[in-house]
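>>> only the shape, not the letters, is given here:
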């Protein structure tokens, strides 16, 4: 069929099963928006900033497991979207982002709203394309979706000059992909898998180190089965939260800079790290030379470049973690769960010595209480997004996650302003679940314009703003490491968050007590409209435990011991 | 294999010959803090591929990362570090006509080269040899007041 480049974009999206596109129109992408107007194959959600469009697509992708799609115009439309691309790249989120570009004849002339988009997106995408002929579009779009979701997932950027979107060419989406230079290795080497199983069977203190790759690979169920059959304790990275349910006996907790004492000590004492889809990030390992010092390392990852990048792998296995763990399960009878009884007891003792907790010792509400309370009230019925900072760490520590894809947060890039638009994408993907965004008084203002998107499209995201009138995480570092010089982190001057939400047509609550909080959350869930619940919390609460940057995991700053009220 | 962190390494990369593939590779080096000592690139005849020869420095771990990261780039077909190779580099030097031409010619011959051009005021001498020997040639030629020197960067083939 002979159609325009713009029509091809629509047809390709429909062929890929895209049901939601997040975007913002502009000059160079107008031909495609004209076709969006005419079609009814998918819903377009108009964000109020291109960065938010990409974050929404990320939230959508993370919650659904499908490829997220965003569409933006050239120049500033594209540069606004770059943070989202970088965020998706760091967290391996499958996206296809289509941007308009000035017409081919203007490329290189510093035309209006021209920027070298491909040059800018190169280091923060898995792959990118500048389309120079509409005849290439079907193949390029098909490749883009395939590359985004296969192997180690990631964002793919397709830049289309305006004249190419007007150009008529043949559209046939049934082309077979011939990517001879891109063949992800998804099946683990059987010999390596056998060796790894033997290593596990011979280990005295093995420990699962579960990473976000498990969630990307939809491997949580097989991993859970493997953990339970082996009886080996597991620590989760921030990105893996929800792989094991919070009440799983074998879940030690989250490890890393703000990991629990038990998780970090377990990692320091283990003699065999079983890394599944984790990448030994610096926020996880602390000082590398002291990390799991006495342990051998099994490392399963789809990305060969992640293996032995930071920590040498004694048993490297390149493959899709779901395939590899399924293969491992077939050999699981070689592992005797009883062997690890005393190791499990050791870890229980760690957890009893310094449990993950907080003290309710202030006039104001404690932020951790708010998060736990939401968990008690909504639990599994909510998907939880966060922004970045203290509230994010507290959420990872204290929310009772029960399933993969329940927790959506910006891990690698640490993007403030991620949470609200992501929660919009999450709600679009899973409308039956309540979409909560835990945020801070700093982060929420970074994409606050999304109130308009949520009101217009009736997307009832509940933003719980843990307001301590501080840029809390930076304030915490200043308190601890900069002799309390709170440089530019005091956010005492603030908008009226209740009025702000109401000005857009949403609802706002300001709460100071537990009773008020319960009432506000209940009301917000019932009213089913975008909401700000501003919770006035203790100003100087620190996220604990904490491994200072560059320190060893076993050298944690711990919560002061005292009786909880 | 020498594990010295400053060990010289030669890596060949076979890539699809398409727009912006070279910048993908050089961006990767600069973005990840790897160093390029020399880089040559040319199409492989009668194929859709080009071949890059990159001379870099780094420890075994760094070179392993470079190899893996290069391989992650979508248009990259193959990456390999050379261990047993034939390696050659070319250099051209512009020298004033007033210098001793027969001495220069003799020197060039010692390095598998010759005088390839003679103009009114300058000559151009060319050598092609192993990079280390090209270094030696360029040292030796200094006494003849070279006006301009150009090196091609190394190319290599595994034996």
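Arrived safely, thanks for sending. Predicted model only: the values in this text are computed from it and were never measured.

>>> can you name every helix or strand that the helix or strand encompassing residue A:328 contacts?
Using DSSP states H and E, residue A:328 sits within helix A:321-329. Applying 3 or more CB pairs under 8 Å, 6 or more residues apart in numbering or on different chains; DSSP states H and E, we find helix A:321-329 packed against helix A:190-202, helix A:220-230, strand A:272-276, strand A:296-301. For glycine as for every other residue, the C-beta is placed from the backbone atoms N, C-alpha and C.

>>> switch to 6 Å and redo it
Packed against helix A:321-329, as judged by 3 or more CB pairs under 6 Å, 6 or more residues apart in numbering or on different chains; DSSP states H and E, are the following elements: helix A:220-230.

>>> what is the mean pLDDT for the helix or strand following the helix it packs on?
Counting by DSSP H and E, the element after helix A:220-230 in chain order, helix or strand, is strand A:234-236. If you average the pLDDT over strand A:234-236, you get 98.

>>> list the contacts of residue A:275.
Contacts for residue A:275 (CB atoms under 6 Å, 6 or more residues apart in numbering or on different chains) come out as A:209, A:299.

>>> same thing with residue B:154?
Contacts of residue B:154 were listed using CB under 6 Å, 6+ apart, and they are B:38, B:53, B:55, B:87, B:89, B:131.

>>> what's it sitting at in phi/psi?
Main-chain dihedrals, residue B:154, degrees, to the nearest 10: phi -80, psi 150.

>>> the inter-axis angle of the helix holding residue A:328 versus helix A:190-202?
Angle, helix A:321-329 to helix A:190-202, by axes from the mean of the first three to the mean of the last three CA atoms, to 10 degrees: 60 degrees.

>>> run through who's touching helix A:321-329.
With CB under 6 Å, 6+ apart, helix A:321-329 has contacts from A:186-188, A:193, A:213-214, A:217, A:219, A:222-223, A:226, A:276-277, A:300, A:317.

>>> so how far is it off the chain centroid?
Relative to its parent chain, helix A:321-329 has a centroid offset of 23 Å by CA atoms, centre = their mean, to the nearest Å.

>>> still on that earlier bit, which of the contacts of residue B:154 lies closest to chain A?
The shortest approach to chain A among the contacts of residue B:154 belongs to residue B:53, at 18.3 Å (CB to the nearest CB).

>>> residue A:404 is in contact with residue A:221, isn't it?
No - Residue A:404 is beyond contact range of residue A:221, at 8.4 Å (criterion: CB atoms under 6 Å).

>>> how about the strands in chain B?
Applying DSSP state E to chain B gives strands spanning B:8-16, B:36-43, B:49-57, B:76-81, B:85-96, B:113-118, B:122-129, B:148-151, B:155-158.

>>> in its sheet, which strands sit next to the last one, and in what direction?
Translated: strand B:155-158. Within its sheet, strand B:155-158 is paired with strand B:85-96 (antiparallel), according to DSSP bridges.

>>> the third one now?
Neighbouring strands of strand B:49-57 in its sheet, by DSSP bridges, are strand B:8-16 (antiparallel), strand B:36-43 (antiparallel).

>>> the more surrounded of residue A:404 and residue A:221?
Higher neighbour count among residue A:404 and residue A:221: residue A:404, with 24 against 14, using other CB atoms under 10 Å in any protein chain shown.

>>> return the member of the contacts of helix A:321-329 nearest to residue A:120.
The closest of the contacts of helix A:321-329 to residue A:120 turns out to be residue A:213 (CB to CB; 27.1 Å).

>>> can you list the contacts of residue B:154 in CSV and add distance to residue A:380?
Shown next, in CSV, are these (distance: CB to CB, whole Å):
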residue, distance to residue A:380
B:38, 58
B:53, 56
B:55, 56
B:87, 62
B:89, 65
B:131, 64
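
>>> including pLDDT, could those residues go into a markdown table?
What follows is the contacts of residue B:154, written out as a markdown table (pLDDT from 0 to 100):
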| residue | pLDDT |
| --- | --- |
| B:38 | 95 |
| B:53 | 97 |
| B:55 | 96 |
| B:87 | 96 |
| B:89 | 97 |
| B:131 | 96 |
